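no FASTA, just this:
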């Protein structure tokens, strides 16, 4: 039995060693990533200057055509992340401030994402490789239930979020395989799908009265002299009459409602996402409302 | 409590410690602990069905004794049939009632008689097919006077409820396991070490191969109408490796865990995808079930006695019943039937026992023939797996039709945000490792044991799929 217990102990030690080594190797690979996703790009970047930075979920990523701003001489970038919530938008902004980004305006897509202050697991995971190297990321995740496991158990974060930061993503980061996340100044245009889902029931959705991360973004902007513009972006005809956007307006009067700027379904890729033409219409309107001299 | 869960990682060491350090005084204390542990293990699935397990155990224990004690043949028959009918009755109610009621109703509707079936809203008790078959084999063996009845209830209970085999086999025989639980187990370092290696290799099969293949196979099977020929072929191959990794991985863990307690379970898989014909495949795949059906159905039906037609009839019966054992769905019946059809040429040419020797490859023409026969056996197995995996027979047929008619062969981007070629390298490596170790129970033990374990651990934690898919397929049976 003694021999067996020694044998088991050796395996356990090896397990820990392998976990530590793999953790280090994966983290190193993610540190080299510049062309993969927006989280890695910002974390591995140095100081940038922007007139306008867009933040939010896919409804920012697919809706704000940064190039239209750029064409007017307004330096901008769309840091909206598909699938992301305000949790990740807030963290992204904190990292930008830490990297000494100089930002004049933040345009935040704040509508459906106000209904929750949870993280989006798949998107939040993109920040986890850097948790030991960034006090900001550590603090941002500190309130999460499994923070201790994520922080202290080697490799646990890569194992738990294998589909976001597992072997495949690590491998592509290591060989610096490019994605299209940073193309078009961060904007990802959508096309009209023939069988697109043009239904979305948001009648029972309610915005949180005080979304923690929305308030956080607002306060960061205030503290850093960034002009904060929060907007609600359009949805398809099917949601007309479901008064979610009115509820948002009531709870957050400072958010500009662009729900009806693009109304025709032909400008949508799916119920919650404008296609390229629709995105250009919305962006042009925002440009006109806030940046025309 | 899955074998690949954190809960089991705590449960197993606790039971191991108690077994060898606290309850190691006699075989009775060892058995008592294992029964308590087994019932705890089963309760973690659904404690409400524990009564069913206890009842089934008691029924077979009692009827076994009554059969042995029976003075007249009539009395023996009575207890025998009571046990058979109650056991099959439970299986029928929990597993098959809804299927028969719905099918009967559909049949009536198709001839113009309106009927709506009364369906039971019951969930299938986990492992019922496995522990029922344990009990059945025990009672049949006593009735046929192959074994003596077990009078020690604790020992018998352990034979039926032993936790490593409780929910997904292997389906044990009283002749094999009962003698082992009747003696005190002494710790053996070599056996325990082999057990650890088998557990680790089982985990590799489960989380690296099966669960990863599952995400790809699901993405293809669930969207087969939009997939091209190449993706559909890959989908069938991925499912073949998913079910193999899943079930044989489970069996490896079960056997490995059992070795830690000094108990040897029946081997359930013997590298089935290296089979040279379908008969060999069935001697290597789910061996404990195949041999169960051979001993308790095929042979009682007459086996191969009575000429070729009797042999064909009996073969079709066992394969269709075997398909039905897997679940109450026409797809499983079709899968069983297809396998029986595959058997037909071998039966007619009397060559079903041609490939019982070990496989050796050399640089000659015979080896090319062997490789071709292995690949063609794998190919027809994959075709049958399409029926096993598809939701309906129509889906399976459309899936196969699409392979033939689509004629497009390029890698497609899948619903799981991945291209479907990425997994091929892992599968290729896995096949290579299994091929090189096909004469061993698992590839980790032996020379360079620690290095192999390190690589296996690295593979499990780096390549394993932990977030998307967890369940073992055979738990539903």
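Great, that's in hand. Predicted, not measured: the structure shown is a model, and the values here were computed from it. Residues are numbered from 1 along each chain as shown, chains lettered A, B, ... in the order given.

make it CA atoms for all contacts and neighbour counts henceforth
Fine.

How about the residues of the stretch 51-200 of chain A by chain B?
Proximity of the stretch 51-200 of chain A to chain B, by CA under 8 Å from any CA of the partner chain, involves residues A:158-163, A:166-167.

What helix or strand is the closest residue to chain A within the stretch 301-450 of chain B located in?
Taking CA to the nearest CA, chain A has its nearest neighbour within the stretch 301-450 of chain B at residue B:450, 7.9 Å off. Assigning secondary structure by DSSP states H and E places residue B:450 in helix B:449-463.

who touches that helix?
Under the criterion CA atoms under 8 Å, 6 or more residues apart in numbering or on different chains, residues A:11, A:14-15, A:18-19, A:22, A:158-159, A:166-167, B:197, B:200-201, B:203-204, B:207-208, B:444 lie in contact with helix B:449-463.

again, but for stretch A:192-202
Applying CA under 8 Å, 6+ apart, the contact partners of stretch A:192-202 are A:236, A:238-239, A:242, A:244, A:266-272, A:275.

From one end of it to the other, what's the distance?
22 Å (CA to CA, to the nearest Å).

what's the neighbour count on residue 92?
Unless you meant another one, I'm taking chain A. Counted with other CA atoms under 10 Å in any protein chain shown, the neighbours of residue A:92 add up to 25.

could you do chain B instead?
Here the number of neighbours of residue B:92 (other CA under 10 Å) works out to 16.

cool, and residue B:59?
By the other CA under 10 Å criterion, the neighbourhood of residue B:59 contains 18 residues.

One more: residue A:71?
Neighbours of residue A:71 using other CA under 10 Å come to 10.

From residue A:287, how far out is it?
11 Å.

next one: residue A:233
As defined by CA to CA, residue A:233 lies at a distance of 14 Å from residue A:287.

who's more crowded, those two?
Neighbour comparison, residue A:233 and residue A:287: the larger count goes to residue A:233, with 27 against 15 (by other CA under 10 Å).

these two touch, right, that one and residue A:268?
No: between residue A:233 and residue A:268 there is no contact under CA atoms under 8 Å: 11.8 Å.

count of neighbours near residue 158?
Defaulting to chain A. 26.

My question was about chain B, not that one.
23.

Can you give me the pLDDT of residue A:128?
We note a pLDDT of 94 for residue A:128 in this prediction.

Now do the longest helix along chain B: which elements does it pack against?
In chain B, assigned by DSSP state H, the helix with the most residues is helix B:229-260. Judged by 3 or more CA pairs under 8 Å, 6 or more residues apart in numbering or on different chains; DSSP states H and E, the packing partners of helix B:229-260 are helix B:163-166, helix B:189-203, helix B:211-221, helix B:365-389, helix B:393-406.

counting contacts, what elements does the very next helix or strand once past it pack onto?
Sequence-wise, the next helix or strand downstream of helix B:229-260 (DSSP H and E) is helix B:278-284. Applying 3+ CA pairs under 8 Å, 6+ apart, one finds that helix B:278-284 contacts helix B:330-348, helix B:365-389.

now, of those, which is deepest in the fold?
helix B:330-348 (a mean of 21; mean count of other CA atoms under 10 Å in any protein chain shown).

quick one: low-confidence ranges for the stretch 351-477 of chain B?
B:416-417, B:467-477 (pLDDT under 70).

Run through the residues of it sitting next to chain A.
Within reach of chain A by CA under 8 Å from any CA, the stretch 351-477 of chain B has these residues: B:450, B:453-454, B:457-458, B:461-468.

For the nearest residue to residue B:270 once chain neighbours are set aside, give me its contacts.
In space, and not counting its chain neighbours, residue B:270 is closest to residue B:284: 4.7 Å by CA to CA, 6 or more residues apart in numbering or on different chains. By CA under 8 Å, 6+ apart, the residues touching residue B:284 are B:268-272, B:275.
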